[in-house]
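Q: Sequence first, then the predicted structure:
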Amino acid sequence: MVKDRLIQRTLVALESIRTGALEFEAEYAAVLANVAPRNRASARNLLHYLSLRQRDIRPLQQDLQSLGLSTLGVLESHVLASLNAVITCLEALAGAPESEVPAPPADFTTGPLLLREHSRRLLGPMPPSRSTRIMVTMPREAADDPGLLLDLLREGMDIMRINCAHDGPAEWQRMVANLRLAERSVGRSCRVQADLAGPKLRTGALEPAGHLLRIKPRCDALGRLLEPARLWFTPETDPEPAPAGATTVPIAAAHGAWRRGRMLRMTDLRGRSRLLRVLDTSDRSLLAELERSAHIGEDSRLDIEDAEGPAGHFSVGRLPPFVVPIRLNIGDTLVLTRENRPGTAETVDPTTGLIVPARIHCTLEAAFEHAQPGQRVWLDDGKIGGFVRRNHGDTIEIGVTHAPPGGAKLREEKGINFPDTDLGLGAMTDKDLADLREVVRYADIVALSFLRTEQDVQRLQDEMRRLEAGQLGILLKIENALAFRNLPRILLAALNGPPIGIMVARGDLAVEVGFERLSELQEEILWVCEAAHVPVVWATQVLEGLAKAGAPSRAEVSDAVMSSRAECVMLNKGPRIVETVSFLANVLERMAEHQDKRMALLRRLSVSEL
């Protein structure tokens, strides 16, 4: 008797959910009419899923589990088909006549196939032994080192990412040319994605503390020498390329037989005497090694000594500026300036004795027009946080309330986020429009940064059609709280055009919504996109420790395992990027045998043997 009541209660609840899903679809009939016919089934399934998730069905899930039926836990790609199947089972259990079954837009077979097809159209063919592609951000070296592209392609790179915030059209073209050479050599194709930079707020330049080089040999934890520093002294006006691992030091003027020397003697900027041993010479340059640290300044003099005594001397030429970051602690004040002047650390006015707060330029004028007192501000991916105290129009005064123990160092070109401020910005800048005209000639995918509404998507689509590039794929980067809230509308708008995908840009998104909510939001993005049969790119700091330092943390490896639920994973650049691609490909291949999205495949486990 109790079981009969449970069956009836569950059946009524599911029929109500199915009816609500169909009514929700009818409510958005006008929106569906604007969706491209090939994507209409996906848009309908998305609306069904959104209707379902407007309810709290946790009690229903428990009832279904107690009846031994599907708990609707993996229905994203085929919502109505799943509801129909469970309702039919419940009607059989209840001995009730089978009700009329509404035709689903996607079933248990076609739903996953639609996602795979949309992924193939945007991201390229699925690799043979894994379902998740690997995207790699190109470093500057990719423009001049064809071997780097060859190695990346051999290890498993599927998509080459060009970040238009860095380098320029000449470098981008050389990167693509090197990729095409690698494709012919390896016999495998690779997509090209170009990321438009968007209107990102950044810190400006800092006032240099001087022009100098800080040279440090490599030592162990106890300060014992492991490897001397190598310096390549070469004429400033016509330099010779430095040997691998050597720091170039320009020579302004030389006197005497300075290339005959065996030793170099100098006094560094701290007044410390230093001796360098000459390893090799050329017609115009010499290579020396240094076993102790040194601060070398412009016009520093180095005396040459050989077996017979002094042989000559030379002076150091123009050196790069040495910039000291601004250190900020909780309770400090930071002033953002509209005027583009080099930033300075906190100082004391010698006349009044008052503290002059640290100052740094903010690159986006809209911040000075819209920021209000009390609104949050985050800098450098959330390392430094605070609130707007005052906005004077030309300056914004920030009270620092978040910084690590011992303070944080704020450097040039670091991101600034105003999560509470509507900056009134479109996603595309004049630079983006110029870059778009360039990259549509060789890119397969264009990524739109910092979009907020469906109007931003429509603007990009219009520009691409105007450039006769409407067939290219579009990747939409979810980087702020407003874009996340508008995700369903953004997807429905984007489904009327070329192949689309969503990138979960977890760095900026975490700063906007709070790190404690990031995991929840990335799950929701994965679910909603699967319901729309739209591929997802998992991005930001994936295996960063391995790419930059050669050793991943345990958390990074776990993150890489979780990334297998997306259709693509993005790696950022780093000196160990080739090794990182190989490592990630191996992880993704192993996970492909165990899991498809969130569904466990239950492959035979060797550990099951007793």
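A: In hand now; what should we look at?
Q: Tell me which residues are up against stretch 297-309.
A: Residues from elsewhere that reach stretch 297-309 (CB atoms under 8 Å, 6 or more residues apart in numbering): 210-212, 233, 252, 256-258, 260-269, 276, 310-319. Placement of C-beta: from N, CA and C, glycine included.
Q: Return the set of residues that bridge with residue 323.
A: Judged by DSSP bridges, the bridge partners of residue 323 are residue 208.
Q: Find the centremost residue of the chain, please.
A: Centroid check for the chain by CA atoms, centre = their mean gives residue 540 as the closest residue, at 3.7 Å.
Q: distance of that one from residue 281?
A: 47 Å (CB to CB, to the nearest Å).
Q: what do you get for residue 525?
A: For residue 525 relative to residue 281 (CB to CB), the value is 59 Å.
Q: So for the two, which residue has more residues nearby?
A: A count of neighbours by other CB atoms under 10 Å puts residue 525 above the other of residue 525 and residue 281, at 21 against 15.
Q: Could I get the contacting residues of the more buried one?
A: Contact partners of residue 525, counting by CB under 8 Å, 6+ apart, are 478, 484, 487, 502, 504, 536.
Q: Which is the succeeding secondary structure element to the one helix or strand the fifth one maps to?
A: Following DSSP states H and E, the helix or strand that holds residue 504 is strand 500-505. Once the chain leaves strand 500-505, the next helix or strand it forms, by DSSP H and E, is helix 506-513.
Q: That next one: how far from the chain's middle?
A: Helix 506-513 sits 11 Å away from the centroid of its parent chain (CA atoms, centre = their mean, to the nearest Å).
Q: for the next helix or strand after it, which positions count as buried?
A: Heading C-terminal from helix 506-513, the first helix or strand you meet, by DSSP H and E, is helix 518-531. By 16 or more other CB atoms under 10 Å, the buried positions in helix 518-531 come out as 518, 521, 522, 525, 526, 527, 528, 529, 530, 531.
Q: Next: stretch 126-138.
A: For stretch 126-138, by 16+ other CB under 10 Å, it's 126, 127, 130, 131, 132, 133, 134, 135, 136, 137, 138.
Q: What of stretch 292-303?
A: 292, 294, 295, 296, 298, 300, 302, 303.
Q: which of those residues lies closest to residue 13?
A: Closest to residue 13 out of those is residue 295 (73.7 Å), distances taken as CB to CB.
Q: quick revisit: I'd like the buried residues of stretch 292-303 laid out as TSV, including secondary structure.
A: Below are those laid out as TSV (DSSP: H, G, I helix; E, B strand; the rest coil):
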residue	secondary structure
292	coil
294	strand
295	strand
296	strand
298	coil
300	coil
302	strand
303	strand
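Q: what does stretch 556-565 rub up against?
A: The contact list for stretch 556-565 (CB under 8 Å, 6+ apart) reads 130-132, 526, 538, 541-546, 552, 569, 583-584, 587-588, 591-592, 595, 597-598.
Q: Narrow those residues to those in helices?
A: If you go by DSSP state H, these have 526, 544, 545, 546, 583, 584, 587, 588, 591, 592 in helices.
Q: rewinding a little: dump the buried residues of stretch 292-303 to a markdown table, plus distance to residue 222 and pLDDT.
A: Shown next, in a markdown table, are those (distance: CB to CB, whole Å; pLDDT from 0 to 100):
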| residue | distance to residue 222 | pLDDT |
| --- | --- | --- |
| 292 | 15 | 95 |
| 294 | 20 | 95 |
| 295 | 23 | 95 |
| 296 | 26 | 95 |
| 298 | 34 | 93 |
| 300 | 30 | 94 |
| 302 | 30 | 94 |
| 303 | 32 | 93 |
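Q: What is the nearest of these to residue 152?
A: Looking across these and measuring by CB to CB, the closest to residue 152 is residue 296, at 36.1 Å.
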